[in-house]
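Colleague: Quick one: sequence plus predicted model below, questions after.
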Amino acid sequence: MIWRVALQGPAGRQVLVAAHDGHAVEAALAPVYGAALHVVVSPWGPDAYRAVDDVITAAETEQVLAGVERGITRAGLVVVHMEVRFVSESLESLARGVPEGLMTVDAALAPARR
């Protein structure tokens, strides 16, 4: 399981879970949450989330990290937004290993374009 969030909506309490292995999560949580359980299978596996963590750790180490937000989209996918002071070459190289759509990065400073 990557993320679990309980929501209160018109249909009552709903539990949205983003997971790598939907069948295992449903088997474990359906007895607890019943019909309120909604499982979304992430297109990104554990290695992709580890790659995000590696980028965040590198930004901390380089002392350029300004903030990190993890959130869940309307489609139920867990995504990460990171703000940095600038993107170094090593940070850019690491970020290339993160699948498209999983992480966004905003930099306060960007190189001048000629």
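Modeller: Cool, got the structure.

Colleague: contacts for the longest helix anywhere in the chain?
Modeller: In the chain, assigned by DSSP state H, the helix with the most residues is helix 46-61. Defining contact as C-beta atoms under 8 Å, 6 or more residues apart in numbering, one finds that helix 46-61 is touched by 2, 20, 65, 68, 78, 80, 82, 84, 90-91, 94-95, 97-99, 102-103, 105. Using the backbone N, CA and C atoms, a C-beta is placed for each residue, glycine as well.

Colleague: mind redoing it with 6 Å?
Modeller: Contacts of helix 46-61 with the rest of the structure, by C-beta atoms under 6 Å, 6 or more residues apart in numbering, involve 65, 68, 80, 84, 91, 94-95, 97-99, 102-103.

Colleague: what does stretch 83-91 give?
Modeller: 58-59, 62, 64-67, 106-109.

Colleague: follow-up on the earlier one: can you tell me which of the contacts of helix 46-61 is nearest R13?
Modeller: Nearest to R13 out of those is V80 (C-beta to C-beta; 26.7 Å).

Colleague: how far away is G22 from T73?
Modeller: In this view, G22 and T73 are 17 Å apart by C-beta to C-beta, to the nearest Å.

Colleague: who has more neighbours, those two?
Modeller: Neighbour count, other C-beta atoms under 10 Å: between G22 and T73, G22 has more, with 15 against 11.

Colleague: got the contact list for the more buried one?
Modeller: 39, 41.

Colleague: mind starting the numbering at 509 from now?
Modeller: With 509 as the first residue, the last one maps to G530.

Colleague: Please report phi then psi for it.
Modeller: The phi/psi pair for G530 (degrees, to the nearest 10) reads phi -60, psi -40.

Colleague: picking up where we left off before, quick one: which of the contacts of helix 554-569 sit in strands?
Modeller: Mapping those onto strands (DSSP state E) picks out 573, 576, 588, 592, 611.
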